[in-house]
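only geometry, no sequence info:
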């Protein structure tokens with residue numbers, strides 16, 4: 001359990017850093033440039049997080065999936 005908590009704290013810290021980076025990018029870029037696909041994915045992720053916020057095991061799995069999806073999206077965006 002302690003390892004899971006440490007893992008969640010590391011993930012949370014990583015997500016906070018990513019969030020700050022994304023806020024800076026959105027602040028410098030025009031919001032209209034955010035594609036509808038990304039906007040849809042973000043809304044879907046928000047819904048999933050709110051749905052499972054009280055279940056730590058599910059949250060851990062969802063956070064990992066979210067990170068994988070975000071890395072995939074970022075990779076696609078960078079590759080064009």
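All right, it came through fine. Since the structure is predicted, the reported quantities are computational estimates derived from the model, not experimental observations.

just the helices in the protein please.
Along the chain, counting by DSSP state H, helices occupy 2-28, 36-52, 56-79.

and the first one, what's buried?
If I follow you right, that is helix 2-28. Of the residues in helix 2-28, those buried under the neighbour-count criterion (16 or more other C-beta atoms under 10 Å) are residue 11. Any C-beta I mention is one placed from the backbone N, CA and C, and that applies to glycine too.

picking that back up, dump the helices of the chain into a markdown table; add mean pLDDT as well.
Supplementary listing: the helices of the chain in a markdown table, determined by pLDDT from 0 to 100:
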| stretch | mean pLDDT |
| --- | --- |
| helix 2-28 | 83 |
| helix 36-52 | 80 |
| helix 56-79 | 79 |
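
from residue 47, how far off is residue 8?
With the distance defined as C-beta to C-beta, to the nearest Å, residue 8 ends up 20 Å from residue 47.

quick check: the nearest residue to residue 49 once chain neighbours are set aside vs residue 23, distance?
Of all residues beyond its chain neighbours, the one nearest residue 49 is residue 62 (6.8 Å), with distances taken as C-beta to C-beta, 6 or more residues apart in numbering. Per C-beta to C-beta, residue 62 is found 22 Å from residue 23.
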